[in-house]
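K.L.:
What follows is a protein structure lacking sequence information:
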């Protein structure tokens, strides 16, 4: 069924179809509509879950962690200051191998106060051990939730599904909504390899340093190998919905000498910029990265074959160094890479500014 | 008194640890499938290193502030008994907001705070449960402010069950633990648990100190059921609070 919905509603509908048993919710712009919709579904009986309205994002993330530790599927959503407030728990959940799935509507961070979109919140969680998926539109925000559950629960690694705040979260667009039957056939019941039981046992006691080292090595390797599980899940999703995704996608690359590389909604703006530049005779393509963690290194290398230069458009910056996505791309490929801080705090990332970046190559425009 | 114990010998608590005694008494009467939720605290250590465990119950370790939230999620996921077992640092200080929130939501969990009156696991630094005048590594001149009245605060949450208990009164403690598990909704139990290491006291004096705290009236044994408060033990012999403080090297000496 096709309906015109915002990214937040598309996310809430998808979350409902995955039948989480526990939902924790704390309001923060621009994700709030997700948890409001879920409250509605629970209160009108469309979804049978315990809905817990919390005092803070700390409680929200702790509650979903506790529920998943008991072997039950759970859901929460957050953004911006809420996400960074959760930071300690994000590390704990990944270390504890709890397959929590959380939606993030990305937004800038203060000071000064800012409500609008960038990706400083999400990308500064890069090293927590979570898998990170970035939707480029409301359709992807919708589709990525069941796919995230499928992969997270198979590899026992948590996953955040990110969408650009406002640009996707608050923009209504046509979305092909999945049916309950489709989700049920795609997503099996959650049967964790590890959870609490009635028998004496301890989750996460202090190990010897050598054991701790091995635990981290395991997570590192499982994280990297999860890339293949993502590819498999995307293929299965295609067989159910006919919609095709990959860990990263190339556009107009056949004859391209240059390609923009980006995440999320920026990919669609970069596509428009590439089309315009092509009209001016420039051979430009676009690489959209869907999966940021685990990072699709070999796919990115493969897509950049024959390309002379990559132009990375970032919405997050590591002060004193460069854009965050820029670092990832730079450390993956052997060709020249230039970086552009396309937006911070919702500064309009126009096609014109991307064209200027193409010609001028400056980091701040 | 129920003498079955779920606390195994060989755990790494300090000699005379009040927190270990508290667990020994309490764990004997909890349901056998009780999930014990332990935030950062002495008990993160007392439980033992992987792959050993000193406690014969299902246990989950959590970050410092998050025990109430984990417990909430666990109880929401399954109909199983859940007990938070937290120190005063996690309860009075860093996890206070989340504790208050879980109490306000009246989650069906038992929250036990074993109060040793400072951050004993990190070397005895002041918490807001530390009594006035106590010298700690972060209050070398003695603490200037009063101990926070956590019971009054929990009472203000209008939760169904609140109690204080002492390791020197094990029958009373066990009765209150059992009561907490029998009541639907949020229960809060504060167990006075002296720490000889942090209090600069002989390890053999733990139970004596706990008893003197009660007998002197400094630590009252009470129970508050649906707002109705009663003393569960009336001190029978008068102990001067000075005698109680005199046991503790952390407290100032009388001139």
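P.N.:
Nice, I can see it. None of these values were measured; they are calculated from a predicted model. Numbering: from 1, shown residues only, chains lettered A, B, ... in the order given.
K.L.:
When you work out contacts or count neighbours from here on, use the C-alpha atoms and nothing else.
P.N.:
Will do.
K.L.:
Model confidence for the closest residue to chain A within the stretch 101-250 of chain B, exactly?
P.N.:
For the stretch 101-250 of chain B, the nearest residue to chain A under the criterion CA to the nearest CA is residue B:101, separated by 5.9 Å. Predicted confidence (pLDDT) for residue B:101: 98.
K.L.:
Report all helices and strands that the lowest-mean-pLDDT helix or strand in chain A contacts.
P.N.:
Across the helices and strands of chain A, mean confidence by mean pLDDT, DSSP states H and E is lowest for strand A:201-203: a mean of 95. On a contact count with 3 or more CA pairs under 8 Å, 6 or more residues apart in numbering or on different chains; DSSP states H and E, strand A:201-203 meets strand B:58-62.
K.L.:
For residue 148, give me its contacts.
P.N.:
With no chain named, the answer covers chain A. Each residue near residue A:148 by CA atoms under 8 Å, 6 or more residues apart in numbering or on different chains is listed here: A:101, A:159-161.
K.L.:
you looked at the wrong chain, it should be chain B
P.N.:
Residue B:148 is in contact with B:92, B:128-129, counting by CA under 8 Å, 6+ apart.
K.L.:
what residues does chain A put near chain B?
P.N.:
A:21-22, A:50, A:54-55, A:58-72, A:88-89, A:92, A:196-208 (CA under 8 Å from any CA of the partner chain).
K.L.:
Specify the local secondary structure of the residue of the stretch 101-250 of chain B closest to chain A.
P.N.:
helix (DSSP: H, G, I helix; E, B strand; the rest coil).
K.L.:
and it, how many neighbours?
P.N.:
Residue B:101: 20 surrounding residues under other CA atoms under 10 Å in any protein chain shown.
K.L.:
For the helix or strand hosting residue A:133, which strands pair with it and how are they oriented?
P.N.:
Secondary structure assignment for residue A:133, by DSSP states H and E: strand A:131-134. Applying DSSP bridges, strand A:131-134 is found paired with strand A:159-164 (parallel), strand A:291-293 (antiparallel).
K.L.:
Reformat those as JSON lines; add mean neighbour count and distance to residue A:178.
P.N.:
JSON lines is the format used below for these (neighbours: other CA atoms under 10 Å in any protein chain shown; distance: least, CA to CA, whole Å):
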{"stretch": "strand A:159-164", "mean neighbour count": "29", "distance to residue A:178": "17"}
{"stretch": "strand A:291-293", "mean neighbour count": "21", "distance to residue A:178": "21"}
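K.L.:
could those go into JSON lines alongside mean pLDDT?
P.N.:
Shown next, in JSON lines, are the strands paired with strand A:131-134 (pLDDT from 0 to 100):
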{"stretch": "strand A:159-164", "mean pLDDT": "98"}
{"stretch": "strand A:291-293", "mean pLDDT": "98"}
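K.L.:
Tabulate those (CSV), appending distance to residue A:341.
P.N.:
Formatted as CSV, the strands paired with strand A:131-134 follow (distance: least, CA to CA, whole Å):
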stretch, distance to residue A:341
strand A:159-164, 15
strand A:291-293, 17
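K.L.:
closest one to residue B:73 among these?
P.N.:
Checking these against residue B:73 by CA to CA gives strand A:159-164 as the closest, at 18.2 Å.
K.L.:
Just the buried positions in whichever helix or strand comes after the closest one, please.
P.N.:
Using DSSP H and E, the next helix or strand after strand A:159-164 towards the C-terminus is strand A:173-176. By neighbour count with 16 or more other CA atoms under 10 Å in any protein chain shown, strand A:173-176 contains the buried residues A:173, A:175-176.
K.L.:
how about JSON lines for these, with distance to residue A:330 added?
P.N.:
Formatted as JSON lines, the buried residues of strand A:173-176 follow (distance: CA to CA, whole Å):
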{"residue": "A:173", "distance to residue A:330": "34"}
{"residue": "A:175", "distance to residue A:330": "34"}
{"residue": "A:176", "distance to residue A:330": "36"}
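K.L.:
Per-residue pLDDT of residue B:255, please?
P.N.:
Confidence at residue B:255, expressed as pLDDT, is 54.
K.L.:
any idea which helix is longest in the chain?
P.N.:
Unless you meant another one, I'm taking chain A. Using DSSP state H, we find that the single longest helix of chain A is helix A:209-241.
K.L.:
looking at chain B here, not the other one
P.N.:
Assignment by DSSP H gives helix B:170-182 as the longest helix of chain B.
K.L.:
Show me which of the residues of chain A next to chain B are buried.
P.N.:
Among the residues of chain A next to chain B, those classed as buried by neighbour count (16+ other CA under 10 Å) are A:21-22, A:50, A:54-55, A:58-72, A:88-89, A:92, A:196-197, A:200-206.
K.L.:
residue ranges with poor pLDDT in the stretch 1-150 of chain B?
P.N.:
Within the stretch 1-150 of chain B, the stretches with pLDDT under 70 are B:1-3.
K.L.:
now with 90?
P.N.:
Scanning the stretch 1-150 of chain B for pLDDT under 90 picks out the ranges B:1-5, B:9.
K.L.:
Show me what from it comes close to chain A.
P.N.:
Residues of the stretch 1-150 of chain B lying close to chain A by CA under 8 Å from any CA are B:32-35, B:44-45, B:47-51, B:53, B:55-63, B:66-78, B:97-98, B:101.
K.L.:
Looking at the residues you listed, which are in strands?
P.N.:
Within the residues of the stretch 1-150 of chain B next to chain A, residues falling in strands by DSSP state E are B:35, B:58-62.
K.L.:
ok, residue B:87 - contacts?
P.N.:
Each residue near residue B:87 by CA under 8 Å, 6+ apart is listed here: B:41-42, B:113-116.
K.L.:
Now the two most distant members of the ones in strands among the residues of the stretch 1-150 of chain B next to chain A.
P.N.:
Farthest pair in those, by CA to CA: B:58 and B:62, 13.4 Å.
K.L.:
hang on, the earlier thing: what's in contact with the least confident helix or strand of chain A?
P.N.:
Residues outside strand A:201-203 that contact it (CA under 8 Å, 6+ apart) are A:96, A:196, B:53, B:56-61.
K.L.:
for stretch A:158-165, same thing?
P.N.:
For stretch A:158-165, contacts defined as CA under 8 Å, 6+ apart pick out A:7, A:30-31, A:93-94, A:97-107, A:116-119, A:122, A:129-137, A:141, A:144-145, A:148-149, A:152, A:169, A:264-265.
K.L.:
again, 7 Å this time
P.N.:
The contact list for stretch A:158-165 (CA atoms under 7 Å, 6 or more residues apart in numbering or on different chains) reads A:30, A:94, A:98-107, A:116-117, A:130-136, A:141, A:144-145, A:148, A:152, A:169, A:264-265.
K.L.:
Kindly report the same for stretch A:172-184.
P.N.:
Contacts for stretch A:172-184 (CA under 7 Å, 6+ apart): A:1-7, A:17-18, A:138-139, A:146, A:240.
K.L.:
That one - what's its average pLDDT?
P.N.:
On average, the pLDDT along stretch A:172-184 is 98.
K.L.:
who's in contact with stretch B:159-171?
P.N.:
Residues outside stretch B:159-171 that contact it (CA under 7 Å, 6+ apart): B:1, B:21-22, B:25, B:103, B:106, B:172-173, B:176, B:180, B:185-193, B:207, B:210-211, B:221-226.
K.L.:
centre of the chain versus that stretch, how much separation?
P.N.:
Mean-position distance between stretch B:159-171 and its chain equals 9 Å (CA atoms, centre = their mean, to the nearest Å).
K.L.:
Please apply the same query to stretch B:88-107.
P.N.:
14 Å.
K.L.:
again with stretch A:38-55
P.N.:
24 Å.
K.L.:
Ramachandran angles for residue A:249?
P.N.:
The phi/psi pair for residue A:249 (degrees, to the nearest 10) reads phi -120, psi 140.
K.L.:
Please name the nearest non-neighbouring residue to it.
P.N.:
Of all residues not flanking residue A:249 in the chain, residue A:288 sits nearest, at 5.2 Å (CA to CA, 6 or more residues apart in numbering or on different chains).
K.L.:
Then residue B:177?
P.N.:
The shortest distance from residue B:177 to any non-neighbouring residue, by CA to CA, 6+ apart, is to residue B:26 (6.5 Å).
K.L.:
before we move on, which element is the one you found in?
P.N.:
With DSSP H and E as criterion, residue B:26 is part of helix B:18-27.
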